[in-house]
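Trainee: quick one, fold the following:
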Amino acid sequence: MNNYKLQIQYDGTNYAGWQTQTNAISVQQKIVDAIEVIIKEKVNLIGSGRTDAGVHALGQVANFRTEKEIDTYKFSYSLNSILPNDIAVKSVEKADESFHARFDAESRSYIYLIAKGKSPFYNSYSYHYPQIAKIDFKKLNELSNVLIGAYDFTSFSKKNTEIENKFCEVSKIWWREGKDLSTFYITANRFLHGMVRTIVGTLLNAVKMENGKNYLHDILEKKNREEAYESVPAKGLFLFKVRY
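Mentor: Now for the predicted structure:
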């Protein structure tokens, strides 16, 4: 059995997320449909992880298996000619037969973009948050370090999720101030549904407080989504990189 690994980018604006859903358009289904047109057989496309509705990807990874031997250069060209303009397969390569895009991933990184001012060029890919201009980024980074480590992130996850294990290990987290766009970056072994956007919203709230560190510790300990702050919009979030 041949196993092929895909590096994928997409603009998630017009999709209900990565995962195939009933009565909704997903990125995964668009790619599956295109692959099946080319190789003329049903495939199971496995993504490194799910992204929510409206979330983008610069470095999504997926794989599928087929009995057919594929010319990866021709296949990549054909695939991109069929896919809509908001989805691109950046590379296709043959992987080890045992490779699994989701289970073999050691870490995933996300970035979140925040725009200081209004801009038609940033509108679809960042959160317009003028208050960012008044924020002390040194303090924001110090507060963010509270979340580094292995914790139960129930408070930062959407309610009614089917996943029982809410422990995630965050290895890197930082903010970088820019003239027009500021960036939030986070790496962890895994992420829960809505976790990154809730972390961003909560940290932006915590930095306004005198006791922001205690506020964050309390949120983690209480394991209750209602304790954390509201999440920021999906349009500023990008799956940046998956490491194996």
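Trainee: show me where this structure has strands.
Mentor: 2-10, 46-47, 56-66, 87-95, 107-115, 127-128, 149-152, 167-176, 181-188, 237-243 (DSSP state E).
Trainee: quick one, domains of this structure?
Mentor: 2-95, 107-243 (automatic domain parsing).
Trainee: ok so, going back, make TSV from the strands of the chain and add mean pLDDT to it.
Mentor: Shown next, in TSV, are the strands of the chain (pLDDT from 0 to 100):
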stretch	mean pLDDT
strand 2-10	98
strand 46-47	98
strand 56-66	98
strand 87-95	98
strand 107-115	98
strand 127-128	98
strand 149-152	97
strand 167-176	98
strand 181-188	98
strand 237-243	98
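Trainee: hang on, the earlier thing: turn the domains of the chain into TSV, columns for distance to residue 101 and mean neighbour count.
Mentor: C-betas here are computed from N, CA, C, even on glycine. What follows is the domains of the chain, written out as TSV (distance: least, C-beta to C-beta, whole Å; neighbours: other C-beta atoms under 10 Å):
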stretch	distance to residue 101	mean neighbour count
domain 2-95	5	17
domain 107-243	8	17
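Trainee: among the strands of the chain, which is nearest residue 34?
Mentor: Of all those, strand 87-95 sits nearest to residue 34, with 8.6 Å by C-beta to C-beta.
Trainee: what pairs with that closest one, parallel or antiparallel?
Mentor: strand 2-10 (antiparallel) (DSSP bridges).
Trainee: quick one: the partner strand to strand 237-243, angle?
Mentor: 150 degrees (axes from the mean of the first three to the mean of the last three C-alpha atoms, to 10 degrees).
Trainee: which residues touch strand 2-10?
Mentor: Contact partners of strand 2-10, identified using C-beta atoms under 8 Å, 6 or more residues apart in numbering, comprise 27, 31, 56-70, 72, 75, 86-99, 101.
Trainee: figure out which of the strands of the chain is closest to residue 209.
Mentor: strand 167-176 (16.3 Å).
Trainee: return the distance of that closest one from the chain's centre.
Mentor: The chain centre lies 13 Å from the centre of strand 167-176; the measure is C-alpha atoms, centre = their mean, to the nearest Å.
Trainee: name the helices or strands packed onto that strand?
Mentor: helix 137-144, strand 149-152, strand 181-188 (3 or more C-beta pairs under 8 Å, 6 or more residues apart in numbering; DSSP states H and E).
Trainee: tabulate these (a markdown table), appending distance to residue 174.
Mentor: Listed next are those as a markdown table, based on distance: least, C-beta to C-beta, whole Å:
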| stretch | distance to residue 174 |
| --- | --- |
| helix 137-144 | 6 |
| strand 149-152 | 15 |
| strand 181-188 | 5 |
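Trainee: out of those, the one nearest residue 206 is which?
Mentor: So among those, helix 137-144 is nearest, using C-beta to C-beta, at 5.3 Å.
Trainee: and residue 102, what is it in contact with?
Mentor: 46-49.
Trainee: go again using 6 Å as the cut-off
Mentor: 46, 48 (C-beta atoms under 6 Å, 6 or more residues apart in numbering).
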